[in-house]
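Participant: I would like the atomic coordinates for the input below:
(chains A and B)
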Amino acid sequence: QQQVKQSPQSLIVQKGGISIINCAYENTAFDYFPWYQQFPGKGPALLIAIRPDVSEKKEGRFTISFNKSAKQFSLHIMDSQPGDSATYFCAARSTGGFKTIFGAGTRLFVKA
Amino acid sequence: GAGVSQSPSNKVTEKGKDVELRCDPISGHTALYWYRQRLGQGLEFLIYFQGNSAPDKSGLPSDRFSAERTGESVSTLTIQRTQQEDSAVYLCASSSFYEQYFGPGTRLTVT
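Facilitator: Okay, the predicted model is just below:
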């Protein structure tokens, strides 16, 4: 039962370009939507997160856009760099609890 | 301060053997999670512990899998009678509220 659907599975972007990863959720009982970045051989690390009461959050080159009515949220990486090449996971945390559901991941490759 | 640590980092075992994986969470973190990540795949929730509450075991794939946590400290994930399909990276994370901090994982290979 996949409650968070992530796309695309893989993404190739030129250096300096914009990387866009999308996620959609089915259950409305989520209160926290983080994005994690994972490099090969490492555990995921929190990149940026958003609460459902805001529509956008920006931190440096990373922006989350959140559409509550459509139950969708996306990660934009501006001025993508080769060092951004990694796997990105969106996630959603259940309201009032600690359980977090992860998307299947997007493998991003930024060409130099 | 120290992050989440896991041991061993790599484990190769024969089919049918039992294995025990260890996770040391960040001190003070009340929540602890176990996930399984197969090669090239996403994170599959297995179990989480929150303080003294009963653990949420809803993600454990079979009764061969079990986990324990001592108070708000170390946790062990045990896989009995390992099968080849158990081969994966097992990730542990801990949390004090929203953000989960992940360990480096244990790569389990069942031959």
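Participant: strand partners of the lowest-mean-pLDDT helix or strand in chain A, parallel vs antiparallel please.
Facilitator: Ranked by mean pLDDT, DSSP states H and E, the weakest helix or strand in chain A is strand A:100-102, scoring a mean of 89. Neighbouring strands of strand A:100-102 in its sheet, by DSSP bridges, are strand A:86-94 (antiparallel).
Participant: picking that back up, C-terminal to the least confident helix or strand of chain A, what's the next element?
Facilitator: Note on strand A:100-102: by DSSP states H and E, the next helix or strand toward the C-terminus is strand A:106-111.
Participant: And that following strand, what does it pack against?
Facilitator: Secondary-structure packing of strand A:106-111 (3 or more CB pairs under 8 Å, 6 or more residues apart in numbering or on different chains; DSSP states H and E): strand A:10-14, strand A:19-25, strand A:86-94. Any C-beta I mention is one placed from the backbone N, CA and C, and that applies to glycine too.
Participant: three-state assignment of the residue in chain A positioned nearest to chain B?
Facilitator: Nearest residue of chain A to chain B: residue A:43, at 3.2 Å (CB to the nearest CB). The three-state label given to residue A:43 by DSSP: H, G, I helix; E, B strand; the rest coil is coil.
Participant: What's the separation between residue B:65 and residue B:48?
Facilitator: 14 Å (CB to CB, to the nearest Å).
Participant: picking up where we left off before, so the residue of chain A closest to chain B sits against residue B:104, correct?
Facilitator: Yes - between residue A:43 and residue B:104 a contact is recorded at 5.3 Å, counting by CB atoms under 8 Å.
Participant: And those two? Which one has more around it.
Facilitator: Remark: of residue A:43 and residue B:104, residue A:43 carries more neighbours, 23 against 17, as counted by other CB atoms under 10 Å in any protein chain shown.
Participant: Leaving out the residues flanking it, which one is nearest to the more buried one?
Facilitator: What sits nearest to residue A:43 in space, not counting adjacent residues and going by CB to CB, 6 or more residues apart in numbering or on different chains, is residue B:102, at 3.2 Å.
Participant: Tell me how far that neighbour lies from residue B:93.
Facilitator: From residue B:102 to residue B:93 the distance is 5 Å (CB to CB).
Participant: where in the chain is pLDDT low?
Facilitator: Since you didn't name a chain, this refers to chain A. Across chain A, the ranges flagged by pLDDT under 70 are A:1-2, A:97.
Participant: nope, chain B please
Facilitator: B:1.
Participant: And the strands in it?
Facilitator: Along chain B, the stretches classed as strands by DSSP state E are B:5-7, B:10-13, B:19-24, B:31-37, B:44-50, B:65-69, B:75-79, B:88-95, B:100-102, B:106-110.
Participant: which bits of chain B sit near chain A?
Facilitator: B:4, B:31, B:33, B:35, B:41-43, B:45, B:48, B:50, B:56, B:91, B:93, B:95, B:98-105 (CB under 8 Å from any CB of the partner chain).
Participant: Can you select the buried ones among those for me in PyMOL?
Facilitator: A single PyMOL command is used to select the members of the residues of chain B next to chain A judged buried by 16 or more other CB atoms under 10 Å in any protein chain shown:
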select buried, chain B and resi 4+31+33+35+42+43+45+48+50+56+91+93+95+100+101+102+103+104+105
